[in-house]
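> after the sequence you'll find the predicted model.
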Amino acid sequence: MRRIIFFTLIVGALIYSACTGNNEHKKQLEEELRLFKAKTITLPDNMLPKHCDEQMQPDVSLLSRPLKMIVYVNQSGCEDCRLRALIPVYMFILENRHIEKFGVIIILNPSDIEITDYTLTDMSFRHTVFYDLDGSFERLNPHLPTDEQLHTFLLNEENKVVLAGNPVQNEKLKKLYFAELNK
């Protein structure tokens, strides 16, 4: 009997700590998001635009579109995996290329530009990317959330965050993005 009570107490404590941890993480995420949306995003003017198709010129007009979806990929984790995760983003770009006021700005802060170029070429990625070789994007935007799920976000014409999160990975968020794009 004591073992059952002890086991029940342990399981209850584990469940409580897991739920409390999730609530704390959720609160921290909400606070990061609040701070993130309160400030303007600054795009570095020293980014290197590049189109993986050597025949094409990079589309720098993306930077001046009234609505911009930023996809920021820094050096943390498996870069190859994170670059390959851009394939669904590329499909999203193709689906929405008819919206003239909208552009997708992919900012890459690679540890090795040659390997990144090779990977993008190997993936047949045909969209302009902007290399942030000195990490200025994070320096200019210290309020950028640490949670990488929020490293994809929609900016309005004032470069304020309207929505945060990847619409490719979340159908509800995708609907919110489309609602903003169709305003």
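That came through, no problem. Numbers count the residues shown, from 1 in each chain.
> I figured L33 hits F153, correct?
No. Assessed by CB atoms under 8 Å, L33 is found out of contact with F153, at 9.6 Å. In this view, the C-beta of every residue, glycine as well, is placed from N, C-alpha and C.
> more crowded one of the two?
F153 (22 against 17; other CB atoms under 10 Å).
> this structure: helices as residue ranges?
2-38, 79-84, 86-95, 113-122, 136-140, 171-181 (DSSP state H).
> need the overlap of contacts for L33 and F153.
When contacts are counted by CB atoms under 8 Å, 6 or more residues apart in numbering, the set common to L33 and F153 consists of A164.
> any chance of JSON lines for the helices of the chain, columns mean pLDDT?
As requested, those are arranged in JSON lines below (pLDDT from 0 to 100):
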{"stretch": "helix 2-38", "mean pLDDT": "58"}
{"stretch": "helix 79-84", "mean pLDDT": "76"}
{"stretch": "helix 86-95", "mean pLDDT": "83"}
{"stretch": "helix 113-122", "mean pLDDT": "89"}
{"stretch": "helix 136-140", "mean pLDDT": "95"}
{"stretch": "helix 171-181", "mean pLDDT": "89"}
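> pick out the residue closest to the middle of the protein.
T152 (2.2 Å; CA atoms, centre = their mean).
> so who does the closest residue to that one other than its chain neighbours touch?
Nearest residue to T152, sequence neighbours excluded (CB to CB, 6 or more residues apart in numbering): N166, at 4.1 Å. Going by CB under 8 Å, 6+ apart, N166 touches V71, V89, Q149, T152, L173.
> who wins for most neighbours among those?
T152 (22 neighbours).
> before we move on, back to that, could the helices of the chain be laid out in a markdown table, adding distance to P49?
Conversion of these to a markdown table gives the following (distance: least, CB to CB, whole Å):
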| stretch | distance to P49 |
| --- | --- |
| helix 2-38 | 25 |
| helix 79-84 | 17 |
| helix 86-95 | 15 |
| helix 113-122 | 13 |
| helix 136-140 | 14 |
| helix 171-181 | 23 |
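> so for K101, which of those sits nearest?
helix 171-181 (7.9 Å; CB to CB).
> alright, calling it a day.
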